[in-house]
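J.: What would the 3D arrangement of this be:
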Amino acid sequence: MGLACSNIRLLTLTARKADCEYGISIDSMRKMALTREQSALSQEYYSKLQSKTISYYNNGQYNKINYNYLMGYGANYTAITAGTKPLKSENSMILTDYKGQVVMSEAYANAITAVLGSSAMDSQGRGGTFSTEKIPEILAELIPGYSAEQFKAVMDGDGIETSYEANGVQTITGEETGTSTTVNNSETSTNILQSIIDFYEPIFKAAAANGWTTEYNNEMKTNDDYVSDAIVSGSFQLATVNEDGNYDPDTSLTYFVTAGLVESRTDSDVREEITAWYNAEKERITEKENFIDIDMDNLSTELESINTEIQSIKSLIDDAISSVFDWGSG
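T.: Numbers count the residues shown, from 1 in each chain. From the prediction side, this is the model:
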């Protein structure tokens, strides 16, 4: 009976020993996985620390680049003519996607399709090339208060004739006779239109020559970092437009940074956020590793006890077997 019980106990301990060894093996693999995770985390951390944001300098501070700064404020032409918003220092610098198509806002796309027809834009929000002769009409759709003929006259180098009737002329001209006069506004209006044309003509010339897209508008609306991140990754590109609407060659991001048109910077606030994220992730991995270490220690201790007990039971079994053979040998 004792021999049978010992064999049953030996089998039970042998099974448990296999379980412990298997558990230790699994824990070892889990630790190796955590080591790889920690290595990947460190690589991602240092990669994030080196990541840049594309910025512009205005009013004594650096500002993350955005669509409005590069491409204008839609129909709000006072931003261009009156300096109510920060403007890029080089009008010929525009924003394109990786295909070379001009990134258009909804307002610009609406102006184009109003002139060319809805078929000018496909279901993906992309449009093809068109004649530059349409640009005065497109600008007239975009900018209220001016006609296509007026835009064309200024683009051709001719001024426009405008005037208005003013009351209380003494407050305007210093004259005390009469109650109204006609004020010639031609020079002012021509200058306003020229400022608008200087800013927008490279954008629409490039669209006419290379095509255009609204595909990214939703992302740009919901993510303030989208334009800067896309320029860094290469999804968006900065381009310099020549007189024909084509892009000057060899104008990489480095070119625009070197030229001082944009800045490539690492934001200290972002670095602090990245470091906080890294420390939290590292602590999470450490907690997992500590749990695995405790489990391995417990299994190792149990395995050691099982091995000791197995040796003891084997000795009892050997003694029992020996005693049976010894009993018959006398």
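
J.: could you point out the longest helix in this protein?
T.: helix 268-327 (DSSP state H).

J.: Could you point out which residue ranges in the stretch 101-250 of the chain have low pLDDT?
T.: 164, 166-181, 183-184 (pLDDT under 70).

J.: That one: helices as residue ranges?
T.: 106-116, 135-142, 148-155, 170-173, 186-210, 217-222, 226-233 (DSSP state H, counting those that start in this stretch).

J.: Which one of those lies nearest to residue 8?
T.: Evaluated over these, closeness to residue 8 peaks at helix 226-233, with 66.3 Å, by C-beta to C-beta. Every residue, glycine included, has its C-beta placed from N, CA and C.

J.: Need the contact partners of the closest one.
T.: With contact meaning C-beta atoms under 8 Å, 6 or more residues apart in numbering, helix 226-233 is reached by 51-55, 64-67, 70, 95, 216, 219-220, 223, 236-238, 253.

J.: what do you get for stretch 205-213?
T.: The contact list for stretch 205-213 (C-beta under 8 Å, 6+ apart) reads 94, 96-97, 99-104, 108-109, 112, 124-132, 134-135, 239, 241, 244-247.

J.: got it, and stretch 139-150?
T.: So stretch 139-150 is contacted by 74-75, 77, 107-108, 110-111, 114-115, 136-137, 151, 160, 189, 193, 196-197, 200, 204 (C-beta under 8 Å, 6+ apart).

J.: what's the answer for stretch 51-71, then?
T.: Residues contacting stretch 51-71 (C-beta under 8 Å, 6+ apart): 85-88, 93-95, 103, 105, 108, 203, 220, 224-225, 227-229, 231-232, 238, 253, 262-267, 270.

J.: Report the separation between the residue lying closest to residue 194 once chain neighbours are set aside and residue 144.
T.: Once flanking residues are discounted, residue 194 sits nearest to residue 154: 5.6 Å by C-beta to C-beta, 6 or more residues apart in numbering. As judged by C-beta to C-beta, to the nearest Å, residue 154 and residue 144 stand 16 Å apart.

J.: Give me the more crowded residue out of those two.
T.: residue 154 (22 against 8; other C-beta atoms under 10 Å).

J.: From residue 71, how far off is that one?
T.: For residue 154 relative to residue 71 (C-beta to C-beta), the value is 21 Å.

J.: And for residue 65?
T.: Distance from residue 65 to residue 71, counting by C-beta to C-beta: 11 Å.

J.: With residue 194 instead?
T.: Distance of residue 194 to residue 71, given as C-beta to C-beta: 19 Å.

J.: And those two? Which one has more around it.
T.: Between residue 194 and residue 71, counting by other C-beta under 10 Å, residue 71 is the more crowded of the two (21 against 15).

J.: On the pLDDT front, check that one for me.
T.: If you check residue 71, the pLDDT there is 94.

J.: Residue 253 too?
T.: Residue 253 carries a pLDDT value of 89.

J.: burial count for it?
T.: Residue 253, neighbours per other C-beta under 10 Å, totals 17.

J.: for it, what are its contacts?
T.: Counting by C-beta under 8 Å, 6+ apart, residue 253 has contacts 54, 231, 232, 237, 238, 262, 264.

J.: what does residue 224 give?
T.: Residues near residue 224 by C-beta under 8 Å, 6+ apart: 64, 66.
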